[in-house]
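Engineer: let's see this in three dimensions:
(2 chains)
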Amino acid sequence: MARRDNPEINAGSMADIAFLLLIFFLVTTTMNVDSGISKKLSEKPPIDYVPPVIKKKNIFEVNINRNNELLVEGERMDVKDLKDEAVKFIDNGGGIGNPSEDGTPGKACDYCKGEKSDASSDHPSKAIISVQSDRGTDYGTYIVVQNELLKAYTELRNRLSRERYGMSYDELEQAFIDAKKSADLSSQVDKLRKKVEDIKTSYPQIISDAEPTS
Amino acid sequence: MSKFRKKKKGIPAVNTAALPDIVFMLLFFFMVTTTMRETNLVIENPRLPGATEIKKLEDKSLVSTIYIGKSKDPNRDGVGFNKIQLNDKISSADQVPAFIFSKRDKIAEALHPFMTTSIKADKESNVGTVIDVRLKLRDVNALKINYSTTAAADN
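Structural biologist: You can find the predicted model right below:
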């Protein structure tokens, strides 16, 4: 018997099927990049831990009440003014800083441009921002406040970095990350790391969360 | 008649034989890049607050996520924006340490200090709930946290 020729399978609708699948994946794909405010918690203090005595002028108190209102250093304030006030506090530089790790005594802040007032912080390394919120405060408000405080640090770091290295801190950090990734820039990694560390330690972020009021 | 025939022959149809190939290529790209959400949300998708000073979370395998928000099923879980979701169910802050330990089990010990906890809380959640979670995280030494936010325009 003569074999009948196999008719070719019609592949014309293949594209349609592929399209259908494609559209399904297009719709279900979420390319979400997780991003947010990073924070490092302090370790749990031992039971017999005695908190060090800190001068009142070195603490910048921010209180948020349950109606999401702000009390900064005993005065009511709008969120939009918080950043400038924080910058003023951190950058005051009225005294000498913490002694460094190798034992040399602390120096006055020579890069600060603040008022050098006696009533405000001594040195950026001593300036502590303490945020106390109520248990009933909205999380959104809390984040806004944290964000404003971080903005204050970013502003100061950018300024200092521009003065010392001719580029903003963001650019410096980016350059450091790029150098770490690519092989032919490896000679610059250490230099950049030093620069980043220098700016970081000049304006360390010290934001502490006080026990909430209930 | 012959004149008409010639005109029809003029432009050949575009060859679409390679179309499936192109589409398949796109298809595979999306299939590979798609990550199906591992946990389905028991709470309503939290409306994240906006912020400008944000950092990206780099390594997703080292991130454990805690959701805080309003339950989808208020009859079962109760109302309010302060429900904590761990894995697939509503939990209390006391269960956070167990959650962190279970995540740690899957990851090499050397990488434990780099593990980050991402807190995805709704704007209207209370700070008290977040602080409860944070205290529990501190108890088990999960010190790196990330308050998940959306990128807001700078003002």
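
Engineer: what about A:S168, neighbour count?
Structural biologist: 18 (other C-beta atoms under 10 Å in any protein chain shown). Yep, even glycine has a C-beta here, placed from its N, CA and C like the rest.

Engineer: quick one: contacts for whatever residue of chain A ends up closest to chain B?
Structural biologist: Residue of chain A nearest chain B, by C-beta to the nearest C-beta: A:R135 (3.0 Å). Contact partners of A:R135, counting by C-beta atoms under 8 Å, 6 or more residues apart in numbering or on different chains, are A:66, A:212-214, B:126-128, B:131.

Engineer: cool, B:R138 as well?
Structural biologist: A:41-44.

Engineer: so how far is the helix of greatest length in chain A off the chain centroid?
Structural biologist: In chain A, taking DSSP state H as the definition, the longest helix is helix A:139-165. Its chain's average C-alpha position is 7 Å from that of helix A:139-165, according to C-alpha atoms, centre = their mean, to the nearest Å.

Engineer: what about it and chain B, any contact?
Structural biologist: Yes: applying C-beta under 8 Å from any C-beta of the partner chain, one finds helix A:139-165 touching chain B at A:139-140, A:142-144, A:146-147, A:150-151, A:154.

Engineer: which parts of that helix are buried?
Structural biologist: The neighbour-count check on helix A:139-165 (16 or more other C-beta atoms under 10 Å in any protein chain shown) flags A:139-161, A:165 as buried.

Engineer: for the helix or strand bottoming out on mean pLDDT in chain A, name the packing helices and strands.
Structural biologist: Within chain A, confidence by mean pLDDT, DSSP states H and E is lowest for helix A:14-28 among all helices and strands, at a mean of 82. Under the contact criterion of 3 or more C-beta pairs under 8 Å, 6 or more residues apart in numbering or on different chains; DSSP states H and E, helix A:14-28 touches helix B:19-33.

Engineer: list of residues touching the helix it packs on?
Structural biologist: Helix B:19-33 is contacted from outside by A:11, A:14-15, A:18-19, A:21-22, A:25-26, A:29, A:31, using C-beta under 8 Å, 6+ apart.

Engineer: buried members of those residues into PyMOL, please.
Structural biologist: Buried members of the contacts of helix B:19-33, defined by 16+ other C-beta under 10 Å, are picked up in PyMOL with:
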select buried, chain A and resi 15+18+19+21+22+25
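
Engineer: now do the strands in the chain.
Structural biologist: All of this refers to chain A. A:35-40, A:59-64, A:70-72, A:75-77, A:128-133, A:207-209 (DSSP state E).

Engineer: not quite, I wanted chain B
Structural biologist: Counting by DSSP E, the strands of chain B are B:50-51, B:55-56, B:63-69, B:83-86, B:89-91, B:116-121, B:144-148, B:150-151.

Engineer: so which of those is nearest A:K55?
Structural biologist: With respect to A:K55, and counting by C-beta to C-beta, the nearest of these is strand B:144-148 at 29.3 Å.

Engineer: for the closest one, list the C-alpha coordinates in PDB.
Structural biologist: C-alpha atoms of strand B:144-148 as PDB (Å, rounded to 0.1, in the frame of the first residue of the first chain):
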ATOM      1  CA  LYS B 144      19.800  44.600  60.500                       C
ATOM      2  CA  ILE B 145      16.300  45.900  59.700                       C
ATOM      3  CA  ASN B 146      14.900  47.800  56.800                       C
ATOM      4  CA  TYR B 147      11.700  49.800  57.000                       C
ATOM      5  CA  SER B 148      10.200  49.200  53.600                       C
END
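
Engineer: how about that strand against chain A, any contact?
Structural biologist: Yes: using C-beta under 8 Å from any C-beta, we find that strand B:144-148 touches chain A at B:144-148.

Engineer: just send the residues you listed back as TSV, with distance to A:H123 too.
Structural biologist: TSV is the format used below for the residues of strand B:144-148 next to chain A (distance: C-beta to C-beta, whole Å):
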residue	distance to A:H123
B:K144	27
B:I145	28
B:N146	29
B:Y147	28
B:S148	33
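
Engineer: show me the shaky parts of the chain.
Structural biologist: Picking chain A for this. A:1-3, A:30-33, A:100-103 (pLDDT under 70).

Engineer: not what I meant, chain B
Structural biologist: In chain B (pLDDT under 70), the answer is B:1-9, B:35-38, B:154-155.

Engineer: nearest to chain A: which residue in it?
Structural biologist: In chain B, the residue that lies nearest chain A is B:G128 (3.0 Å; C-beta to the nearest C-beta).
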